[in-house]
Each structure stands twice: as structure tokens, then as C-alpha cells.
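> After the sequence you'll find the predicted model.
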Amino acid sequence: MKKLVNIIVVTLMFLSINVYAQESIIGEIKYADLEKYISLAKENYPKAKAYNETISKAKNELPITALSYLDIFNASYFYRPDDRSVLDPINPYNVNGFQFGVNVNLGTFLQKPFNARKAKSDYKIAQYQAKEYELGLEVEVKKRYYNYIQQLSQLKIYTASMQDNKNTADNLRYKFEKGEISLDTYNQSRINLTSATTSKIQTEVNLLSAKDALEEIIGMKLADVK
């Protein structure tokens with residue numbers, strides 16, 4: 001008797017584990033696939049690309065800002081042939097030949113350090129904004145993936161439910177035709193089947209929408225993901 005009780009307890013434990021596995025989607029989540037989807041979203045999603053371009057643009061501004069220090073200086077020259085008479089013999093700086101000059105724009109000179117610091121700040125800000133968006137993008141990919149897995153699991157449940165209700169309705173129809181059950185009982189089985197079928201169809205639509213949303217953010221079809 002005791003042995004029989006132990007067998008029954010063990011059997012119930014396995015049944016409980018099986019039911020729990022069917023009611024949970026945790027085991028359906030494939031984290032390797034999820035990491036692939038996150039990586040693809042970072043590569044393909046247009047807004048992610050836009051942030052990457054913003055970083056590149058800000059980074060390219062750094063050497064341009066450094067070279068812009070040359071804008072401070074304005075070099076010029078004047079050439080007067082030697083065979084021409086001097087315009088102003090009294091002025092010792094007004095002579096024939098080449099005359100060179102360099103002008104320094106003081107206002108521009110004072111602005112350059114601020115422009116350089118601004119360029120560095122813009123680069124850092126672009127990096128921080130891209131990182132912030134990247135974190136948000138990861139969360140959004142996970143959300144869409146979990147929803148997709150949820151719809152897959154629900155579709156399995158509603159498909160099984162519809163099949164069970166169909167089997168029950170067919171069985172009760174047979175019994176109704178033999179006069180073993182009432183019309184109300186038979187009609188209720190048909191109502192249950194209709195409800196289960198409707199739930200299955202709605203879940204199929206939800207699954208397609210979840211699949212489209214996931215494919216939209218990773219930039220490719222799920223079937224094409226290696």
C-alpha cells in the first residue's frame with residue numbers, strides 16, 4: 001500500500017511539472033536569438049544608424065576645428081616691379097619688389113579655444129545620446145521578442161483548446177443525435193467551440209503583428225536570421 005502511494009505521489013509530481021512547463025514561456029525564450037536580434041537592430045534600425053552618423057559627424061569636427069586655427073592668420077603680399085618709381089620715397093616701407101604681410105584676427109583668435117571645447121563637448125554628447133538610445137533600443141527589442149514568444153505560446157494553447165472543444169462538440173453531437181443529451185448541452189458545446197476558434201484566430205493575428213514588429217526593428221525577416 002505504501003509503495004502504491006509513493007508511485008501515485010511521484011506520478012502527480014511529474015504531471016505538475018509538465019503542466020507548469022506548458023503554462024510558462026520562460027523555457028521558450030532563446031537568449032542566443034535575442035542577442036542576435038539586438039545586434040541586428042543596432043546595425044539596421046534607421047534611427048540607430050542616424051545616431052551613429054551623428055557621432056561620426058561630431059568626431060570629424062575635431063580635426064576641422066584644430067585646423068581652423070589657421071583662420072586666425074591672413075597673409076598677403078604686394079609686388080611692385082623694380083623699374084617703377086616708388087610711390088612715396090619718404091615712406092621706408094613703400095619700396096619696389098615683393099612686400100609681405102601677416103594679419104592676425106584677434107576676435108577669431110579668442111574664439112578658437114571655445115570652439116575647440118564645444119567640438120569636444122558635441123562629440124561626447126553625441127556618444128552619450130547614442131548610448132542612451134542604444135539602451136532603449138535593447139529594451140524595445142526584448143519587449144517585442146517577448147511579445148512574439150507570448151503569442152506563439154498562446155497560439156499553442158488556443159489551438160489545443162479549439163481541438164479539445166471540437167472533439168467534445170463532435171462527441172456531444174453524436175450523443176445528441178442518439179437522444180442521450182439535451183439540445184442545450186449540445187448547443188453549449190458549439191458555443192464553446194466557436195469561442196475557442198475565435199480566440200485562436202485572434203491570437204494568429206496577434207502573432208503576425210508581433211512578428212512584423214520584431215522584423216521591423218531588426219531590419220530583416222526572422223527566417224533569414226542565421
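In hand now; what should we look at?

> shouldn't residue 166 be in contact with residue 195?
No. Taking contacts as CB atoms under 8 Å, residue 166 lies outside contact range of residue 195: 12.0 Å. Just so you know, the C-beta spots here come from the backbone N, C-alpha and C atoms, and that holds for glycine as well.

> mind listing the strands in this structure by residue range?
Using DSSP state E, the strands found in the chain span residues 73-80, 97-104.

> Tell me the spatial nearest neighbour of residue 151, not counting adjacent residues.
residue 207 (3.9 Å; CB to CB, 6 or more residues apart in numbering).

> What is the burial count for that neighbour?
Look at residue 207: counted by other CB atoms under 10 Å, it has 18 neighbours.

> which ones are touching residue 204?
residue 155 (CB atoms under 8 Å, 6 or more residues apart in numbering).

> I'd like the distance between it and residue 121.
Per CB to CB, to the nearest Å, residue 204 is found 51 Å from residue 121.

> ok, and for stretch 50-64, which residues are buried?
Applying a neighbour-count criterion of 16 or more other CB atoms under 10 Å, one finds 51, 52, 54, 55, 58, 61 buried in stretch 50-64.

> Stretch 212-224 now?
Buried residues in stretch 212-224 (16+ other CB under 10 Å): 213, 214, 215, 217, 218, 219.

> avg pLDDT for it?
Confidence for stretch 212-224, expressed as mean pLDDT, is 95.

> That one: end-to-end distance?
Separation of the first and last residues of stretch 212-224 by CA to CA, to the nearest Å is 14 Å.

> can you tell me which helix in this protein is longest?
In the chain, with assignment by DSSP state H, the single longest helix is helix 106-177.

> Which elements pack onto it?
Where contact means 3 or more CB pairs under 8 Å, 6 or more residues apart in numbering; DSSP states H and E, helix 106-177 is packed against helix 31-44, helix 46-67, helix 183-218.

> For residue 141, find the nearest of those.
With CB to CB as the measure, helix 31-44 is the member of the helices and strands packed on helix 106-177 nearest residue 141 (4.9 Å).

> Give me every residue in contact with that closest one, excluding its own residues.
By CB under 8 Å, 6+ apart, the list of residues contacting helix 31-44 reads 48, 134, 137-138, 140-142, 145, 214, 217-220, 225.
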